[in-house]
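> Make a model of this:
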Amino acid sequence: MALYNYTGADERVSPLAFTFAYAPKSSPTDLANGYKKHLEWHIEINDPILWYGWFVVEGDRLDHFIDGAFDITGTEFDSRPDPAGDAKDATANFSPTATPLYRHVNRLREDLSTSRFLEDRNPSPLMQVVYYHVRPGKQVVFESALDEIAEAARTANLPYAIYESLTGTAGTVYSMYVPMTGFGDFDTTAPSLESVARATLSREALLSAMTDIGAATESARSEVWQYRSDLSLIPERE
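The predicted structure follows:
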């Protein structure tokens, strides 16, 4: 099992993802229009933060909007430009169209991932997101299984990213983000840890990994997000 630390080869702190979820007050279209107006404020001030926007198109939270700041450290988020102005503009243009649901802080676990496609500014048209709620005291067991799966999946060139929740969730939640080109991807595989393990591990290793994941996981659920380029801000790297 790989030992994890918060810095990579370039000594930069492993990036965070600040994600926010909203339910439309009237319709997804009204929410999108309100968010576009607010996004114009970020563009006008030359916001250097990478912001993505998605709508949930499959799952229990159908039509909910997700936006998030990615490839950012906590210190960089603290020093983001004009938080007061951001809040004022959001209140005027976006808040009338959306009901806030949650705010989460997650850390990209590069040691457990095979890709960092969002941090690399390469979002996919659709994205399967699988949430694994891990039992208290079982994180080491869960991560050990993920580490073994990731090692094999890198060799097989199967892309996905793992994020670990830091705040906003009941217990620790690991989110698996899997890029998808369309629903046709489901014709060949179901994006999940089990499907990746089945495709890459020997039978003995597969049984061991899935036994550990089953013992460590309290519950799991999944949904599909549709990327909205018109509701995203991808600034050039400095």
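> okay, now Ala220: neighbour count?
For Ala220, the neighbour count with other CB atoms under 10 Å is 18. C-beta coordinates here come from the backbone N, C-alpha and C atoms, glycine included.
> hey, what's it bridged with?
Beta-bridge partners for Ala220, by DSSP bridges, are Tyr132.
> repeat for Val56
Trp225.
> Start at 586, not 1
With the count now opening at 586, the last piece we talked about shows up as Val641.
> my guess is it contacts Glu808, does it?
Yes: between Val641 and Glu808 there is a contact under CB atoms under 8 Å: 5.4 Å.
> Which secondary structure element of this structure has the lowest mean pLDDT?
Of all helical and strand segments in the chain, the minimum by mean pLDDT, DSSP states H and E falls on helix 778-785, at a mean of 87.
> what's the closest non-adjacent residue to the most centrally placed residue in the chain?
Per CA atoms, centre = their mean, the C-alpha nearest to the average position across the chain is that of Tyr762, at 5.6 Å. Nearest residue to Tyr762 in three dimensions, chain neighbours excluded: Ala746, at 4.5 Å (CB to CB, 6 or more residues apart in numbering).
> show me the contacts for the one you found.
Residues near Ala746 by CB atoms under 8 Å, 6 or more residues apart in numbering: 693, 698-703, 761-762.
> Over to Ile657?
600-603, 634-635.
> how about 7 Å then?
By CB atoms under 7 Å, 6 or more residues apart in numbering, the contact set of Ile657 is 600-601, 634-635.
> do the same with Tyr717
Here Tyr717 is in contact with 758-759, 802, 805 (criterion: CB under 7 Å, 6+ apart).
> May I ask which of the residues you listed has the most neighbours?
Tyr759 (24 neighbours).
> where along this structure do the strands fall?
601-609, 635-643, 650-657, 683-693, 711-719, 746-752, 757-765, 802-812 (DSSP state E).
> just to revisit the earlier point, out of the contacts of Tyr717, which is nearest to Ala617?
Val758 (27.0 Å; CB to CB).
> what's the neighbour count on the closest residue to the closest one other than its chain neighbours?
Nearest in space to Val758, with sequence neighbours left out and distances taken as CB to CB, 6+ apart, is Ser750 at 4.3 Å. The number of residues packed near Ser750 is 21, by other CB under 10 Å.
> Residues in a beta bridge with Ser750, which ones?
Asn691.
> Now do the contacts for it.
Contact analysis of Ser750 by CB under 7 Å, 6+ apart lists 689, 691, 757-758.
> Before we move on, what's the pLDDT of it?
Looking at Ser750, its pLDDT reads 95.
> Distance-wise, check it relative to Gln713.
18 Å (CB to CB, to the nearest Å).
> same question, Asn618
27 Å.
> the more surrounded of those two?
Gln713 (22 against 13).
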